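Participant: What follows is a predicted protein model with its sequence.
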Amino acid sequence: MKFSRFLWAIAGSALVCAGAAHAGGVKSDENSEYKPTGKGWGELADSPNVNGHARASRPNSGANGISYHGGPLLNSANGTNVYYIWYGNWAGNTATTILTDLATGIGGSGYFNINTTYSDGAGKKVTNAVHLLGNVDDNYSQGTALSDAQIQSVVSSAISSGRLPKDTNAVYFVLTSADVNATSGFCTQYCGWHTHGTIGGSDIKYSFVGNPNRCPSACAAQTTSPNGNAGADGMASIIAHELEEAVTDPDLNAWYDTRGQENADKCAWTFGTTTTLPSGAKYNMSLGGRNFLIQQNWVNASGGFCAKSY
Ligand SMILES: [Zn+2]
């Protein structure tokens, strides 16, 4: 996920969601194939051959506008596990309850059911179930300006210390308070991202999601929000985006399109029909007993389309 509506308007590029500083200057052409970075933009993949016949090796664009590249999915029959690592200072912040309600309410929803339109090479679909299995605090163990490597260290230390289990069927979310920056581009290049890494000898999937209160114009859809906490409500939309990408493209080699966009990237910052509360806050779905304004996801059926439910 990335990109504010503000940056989006400036970028105005053919690469929706593309980071100008990252993929800028690299134009898509019919012999180029992009792979996802997990940060919402694509990078040129290594040329599949040197004879100028890359087009023949290019994966089919897919009847639904997104295609499968052979890698694993998080498609356990029991669903996907989630762990939250609350990094920084979250004392007295209602985000901890709002985002817990999100994680416990998203599984089984019509929204998460969109991911069941994705399957692996054996035809095994994603299951519409999500289990929040753990929450831990991290009191600034890596300071307030985190590199990508330090974000992985936050995850690895939570696991190696035994505070969280080592779970390959899970997404670990590093949720940072508003005083914390992610130096590879939080607020300017992205609002969150997901990736994977080898931790304790296992392939662990994890995600960074920062608090949009640090940059509301870039990473929050609205400053008056349905749960009275614009930062937390902004994070809910970003967490949902990263979770559905991590489920369908956990190792960045499964489902994405020819521009390197994963499922949620194709619908980033679109919300469908919304309802306005008396406060002025908008919402488009209810999960875990709360109203949320959460970006849509790409349905891998019927030609492909953005939706908030399937
Ligand atoms: Zn994304």
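Facilitator: All right, it came through fine. Since this is a predicted model, take the numbers as computed values, not measurements. Residues are numbered from 1 along each chain as shown.
Participant: From here on, just use CA atoms for contacts and neighbour counts.
Facilitator: Will do.
Participant: Pull up the pairing partners for the helix or strand where residue 286 lies, direction included.
Facilitator: Element membership for residue 286, per DSSP states H and E: strand 285-287. In the sheet, strand 285-287 lines up against strand 290-292 (antiparallel) (DSSP bridges).
Participant: Report the next helix or strand after the strand it pairs with in sequence order.
Facilitator: strand 297-299.
Participant: Identify all contacting residues around that following strand.
Facilitator: Contact with strand 297-299 is made by 111, 114-115, 117, 241, 244, 263-268, 304-308, 310, as judged by C-alpha atoms under 8 Å, 6 or more residues apart in numbering.
Participant: Give me the secondary structure label for residue 232.
Facilitator: Here residue 232 is recorded as helix under DSSP: H, G, I helix; E, B strand; the rest coil.
Participant: residue contacts, it?
Facilitator: Residue 232 touches 94, 95, 98, 99, 211, 212, counting by C-alpha under 8 Å, 6+ apart.
Participant: Can you give me the pLDDT of it?
Facilitator: With respect to pLDDT, residue 232 scores 98.
Participant: Please apply the same query to residue 41.
Facilitator: At residue 41, the pLDDT value in this model is 68.
Participant: In this structure residue 148 contacts residue 184, no?
Facilitator: Yes. Applying C-alpha atoms under 8 Å as the test, residue 148 and residue 184 come out as touching, 6.7 Å apart.
Participant: quick one: contacts for the nearest residue to residue 141 once chain neighbours are set aside?
Facilitator: Spatial nearest neighbour of residue 141, chain neighbours left out: residue 154 (7.5 Å); criterion: C-alpha to C-alpha, 6 or more residues apart in numbering. By C-alpha under 8 Å, 6+ apart, the residues touching residue 154 are 138, 141, 142, 174.
Participant: Spatially nearest residue to the first one, not counting backbone neighbours?
Facilitator: If I follow you right, that is residue 138. Residue 138's closest residue in space is residue 87 (C-alpha to C-alpha, 6+ apart), at 4.7 Å.
Participant: if I pick that neighbour, what's in contact with it?
Facilitator: 137, 138, 139, 140, 174, 175, 176, 177.
Participant: Relative to the ion, how far out is it?
Facilitator: Here residue 87 is placed at a distance of 21 Å from the ion (C-alpha to the ion, to the nearest Å).
Participant: now swap in residue 40 and tell me
Facilitator: In terms of C-alpha to the ion, residue 40 sits 4 Å off from the ion.
Participant: That residue: neighbouring residues, count only.
Facilitator: Using other C-alpha atoms under 10 Å, the number of residues around residue 40 comes to 29.
Participant: so it makes contact with residue 194?
Facilitator: No. The pair residue 40 / residue 194 is not scored as a contact, 9.2 Å apart, by C-alpha under 8 Å.
Participant: Tell me how far residue 205 lies from the ion.
Facilitator: 14 Å.
Participant: for residue 97, same thing?
Facilitator: 24 Å.
Participant: Check what pLDDT that residue gets.
Facilitator: Reported pLDDT for residue 97: 98.
Participant: in a helix, that's where it is, yeah?
Facilitator: Yes. Checked against three-state DSSP, residue 97 lies within a helix.
Participant: Surely residue 158 and residue 164 touch.
Facilitator: Yes. With contact defined as C-alpha under 8 Å, residue 158 reaches residue 164; the gap is 5.6 Å.
Participant: Are there residues contacting both of those two? Which ones?
Facilitator: Shared contacts of residue 158 and residue 164, counting by C-alpha under 8 Å, 6+ apart, come down to residue 136.
Participant: Mind listing residues that contact stretch 283-293?
Facilitator: Against stretch 283-293 from outside (C-alpha under 8 Å, 6+ apart): 101-106, 109, 226-227, 233, 236-237, 271-277, 282, 294, 308.
Participant: Which helix or which strand is home to residue 135?
Facilitator: Assigned by DSSP H and E, residue 135 falls in strand 130-138.
Participant: Same check on residue 174?
Facilitator: Using DSSP H and E, residue 174 falls in strand 170-176.
Participant: moving C-terminal of that strand, what's the next helix or strand?
Facilitator: Downstream of strand 170-176 (by DSSP H and E), the next one is strand 181-182.
Participant: Please name the strands paired to that following strand in the sheet, noting orientation.
Facilitator: Sheet pairing for strand 181-182, using DSSP bridges, gives strand 145-146 (parallel).
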